[in-house]
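Asker: here's a sequence, model it:
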Amino acid sequence: MDGNRSSIGSPDSSKPSDLPVGDELAQAQPAGDDTDDDIYVYASLLYDPALVHSPENTKASFNRPCPFYLLEHQWTRLGVANWSKSHSPNSHGSPSHFLHGLMCAVRAYQRSHRDLSQSICLRVRVHSHCSGKITTHITIPAPRPALSAMFPQTFGVPAYLPKTEWTIVLDTQPTEVAESTMYKTSDRSPYARARASAAVSEPWRLKREVLLYNTDGEMLDATSSTPYFFRNGRWVVPTSASGGLQGTTRRWALEHGVAHEGVVTKDSLKIGEFVCLSNGFWGFFYARLVAQDPRLIPPTEDECRRIEMLMRGTSSNVGW
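Answerer: Now for the predicted structure:
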């Protein structure tokens, strides 16, 4: 990270460069399609060639310059999720094997899309199936976030935060804690139901998120990001015991002391307060808590299913 960058920023236009991939790295399946119905866990990674110039990303990527955001955190989290599903701990390979497979997928995508600049950011999803199959799925995200948004030294103080286009609402009902809330699995139904209830099919297009809470009234997660709440003079992320996803940016924030674990109850929320959000594509950003639209009607099962398909990327419109 540039030493002068200390707060959450906006899209950046840093010049990229290629990362050489050594011949000694094991060959991995570069791409594929999910043609069966077996359960999978997955990792969603941002490919941004500009990241090879980021010392902070190098530290979080096995101390090697890397174009994937928080590669080491992604590899570790995918391994933990695989163990929970009784996978082989090495079903996605060693770090070298994992990186090489990702680079193969990116290069294959670039060869088949020669009209696109090789400096463009890509969204890479790695699906690790119970059957042992690993597939990759690549799409183009919106413009790259600034490095300051990906590696903030502080989240700041709410009274001095800049205006934000993002809003966030509280879910209309509690979410039962399950494996699908603790790990990224092919079952996205809890998140799809929450989005459908708030009429937020695509958060990134609408710039709107939804907060989930568990049956004890504790904040759990958001549908596409990790939420942080300003409590008692510091930023607090829901404790792992609450049952939410232990995301890569969450881990980075805790390791660097910009956030701390704690229990945050839904009754402590106040309309108008700022919530910090983070995920593996956009780093860290803010949203303002607003009330649910009282005119919304409960979603149908078909609407929930449609949104879940968007989230799984099994529709022509790729969603989160």
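Asker: okay, now the unreliable bits of the chain?
Answerer: Along the chain, segments meeting pLDDT under 70 span 1-38, 81-93, 313-320.
Asker: look up how far Met150 lies from Ala253.
Answerer: 11 Å (C-beta to C-beta, to the nearest Å). Using the backbone N, CA and C atoms, a C-beta is placed for each residue, glycine as well.
Asker: list residues touching both of the two?
Answerer: Residues touching both Ala253 and Met150 (C-beta atoms under 8 Å, 6 or more residues apart in numbering) are Phe284.
Asker: what are the buried residues along stretch 59-73?
Answerer: Across stretch 59-73, burial judged by 16 or more other C-beta atoms under 10 Å covers 59-61, 66-73.
Asker: between those, which sits nearest Ala199?
Answerer: Checking the buried residues of stretch 59-73 against Ala199 by C-beta to C-beta gives Tyr69 as the nearest, at 29.7 Å.
Asker: what's the distance between the closest one and Arg234?
Answerer: Here the criterion is C-beta to C-beta. By it, Tyr69 lies 25 Å from Arg234.
Asker: ok, Glu179 next?
Answerer: Glu179 is 30 Å from Arg234, by C-beta to C-beta.
Asker: strands of this protein, residue ranges please.
Answerer: Assigned by DSSP state E, the strands in the chain fall at 40-47, 122-129, 134-139, 167-170, 208-213, 219-222, 226-231, 234-238, 260-262, 274-279, 283-289.
Asker: and among the ones you listed, the most buried is which?
Answerer: strand 219-222 (a mean of 27; mean count of other C-beta atoms under 10 Å).
Asker: give the pairing partners of that strand; include direction for each.
Answerer: Next to strand 219-222 in the sheet, as set by DSSP bridges, lie strand 208-213 (antiparallel).
Asker: quick one: the partner strand to strand 226-231, angle?
Answerer: Counting by axes from the mean of the first three to the mean of the last three C-alpha atoms, to 10 degrees, strand 208-213 lies at 70 degrees to strand 226-231.
Asker: Gly244 - how many residues pack around it?
Answerer: Neighbours of Gly244 under the rule other C-beta atoms under 10 Å: 25.
Asker: name the nearest residue to it, ignoring sequence neighbours.
Answerer: In space, Gly244 comes closest to Asp221 once its chain neighbours are excluded; the distance is 3.6 Å by C-beta to C-beta, 6 or more residues apart in numbering.
Asker: how much space between the one you found and His100?
Answerer: Asp221 is 32 Å from His100, where distance means C-beta to C-beta.
Asker: so the residue nearest to Gly244 makes contact with Ser240?
Answerer: No. Asp221 is not in contact with Ser240 according to C-beta atoms under 8 Å; the separation is 11.1 Å.
Asker: could I get the full set of helices for the stretch 151-300 of the chain?
Answerer: Remark: helices assigned in the stretch 151-300 of the chain by DSSP state H, counting those that start in this stretch are 179-182, 189-197, 203-206, 248-255.
Asker: how far does the third one sit from the chain's center?
Answerer: How far helix 203-206 lies from its chain's middle: 14 Å, per C-alpha atoms, centre = their mean, to the nearest Å.
Asker: which residues touch it?
Answerer: Here helix 203-206 makes contact (C-beta under 8 Å, 6+ apart) with 142, 195, 200, 209-210, 223-224, 320.
Asker: and the lengthiest helix in the chain, which residues are buried?
Answerer: The longest helix of the chain (DSSP state H) is helix 95-112. Of all the residues in helix 95-112, those buried under the rule 16+ other C-beta under 10 Å are 95-106, 109.
Asker: so which of those is the closest to Thr135?
Answerer: Ranked by distance to Thr135 (C-beta to C-beta), those are led by Ala105 at 9.2 Å.
Asker: look up the closest residue to Gln118, ignoring the ones flanking it.
Answerer: Sequence neighbours aside, Gln110 is the residue nearest to Gln118 in space, at 5.6 Å (criterion: C-beta to C-beta, 6+ apart).
Asker: what's the distance between that neighbour and Pro49?
Answerer: 11 Å.
Asker: identify the contacts common to the two.
Answerer: Common neighbours of Gln110 and Pro49, counting by C-beta under 8 Å, 6+ apart, are Gln118.
Asker: ok, back up a step: quick one: the residue nearest to Gln118 and Leu116 touch, right?
Answerer: Yes. With contacts counted by C-beta under 8 Å, Gln110 reaches Leu116, the gap being 7.0 Å.
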